[in-house]
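> Sequence first, then the predicted structure:
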Amino acid sequence: MIHQVQYNEDDRAQRCLNVFDSLDGQVNISYVNSTSHVVAWHRHKIQTDFWFCVKGSFKVGLAKDVDDFEFQYISDKNPRVLEIPPGIWHGYKAVEPNSIMLYYLTEKYDPKDEWKCLVGAFNENWETENR
């Protein structure tokens, strides 16, 4: 069986791929061409996110509150899946141009399950040091 692919552009410059209608959740792909754009912050009450970097690399911010904050890095050079449970504020920035993230959401996207706050809310620094 062949499924029609549906692309949606949103305010985060993502392309969402949702062809797995039989799943309870949703599979998405984000193509990020710029290393200057930060996509942050939001959290969910119900949904868990599973993020995987297909190409390039991402700096991912995770926070419970201002005093409980960390950055994680995911990349195609060190493949792993980052699980983001409900209640955790999260966001990302591409470290390399043309980075691609594949992510699975345990629920279909529901704007009522997403709370947002502004970049800088956790006194975070999204700059990436050269090493």
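In hand now; what should we look at?

> Can you list the buried residues in stretch 35-48?
Using 16 or more other Cβ atoms under 10 Å as the test for burial, stretch 35-48 gives 35, 38, 39, 40, 41, 43, 44, 47, 48. Yep, even glycine has a C-beta here, placed from its N, CA and C like the rest.

> okay if I get those as a markdown table plus pLDDT and secondary structure?
Formatted as a markdown table, those follow (pLDDT from 0 to 100; DSSP: H, G, I helix; E, B strand; the rest coil):
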| residue | pLDDT | secondary structure |
| --- | --- | --- |
| 35 | 93 | coil |
| 38 | 94 | strand |
| 39 | 93 | strand |
| 40 | 93 | strand |
| 41 | 96 | strand |
| 43 | 97 | strand |
| 44 | 97 | strand |
| 47 | 96 | coil |
| 48 | 96 | coil |
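
> between those, which is closest to residue 97?
Of all these, residue 97 sits closest to residue 35, with 5.7 Å by Cβ to Cβ.

> Which pLDDT value goes with the nearest residue to that closest one once chain neighbours are set aside?
Using Cβ to Cβ, 6 or more residues apart in numbering and skipping the chain neighbours, the partner closest in space to residue 35 is residue 94 (5.2 Å). What the model reports for residue 94 is a pLDDT of 95.

> Show me what residue 94 is bridged to.
residue 58 (DSSP bridges).
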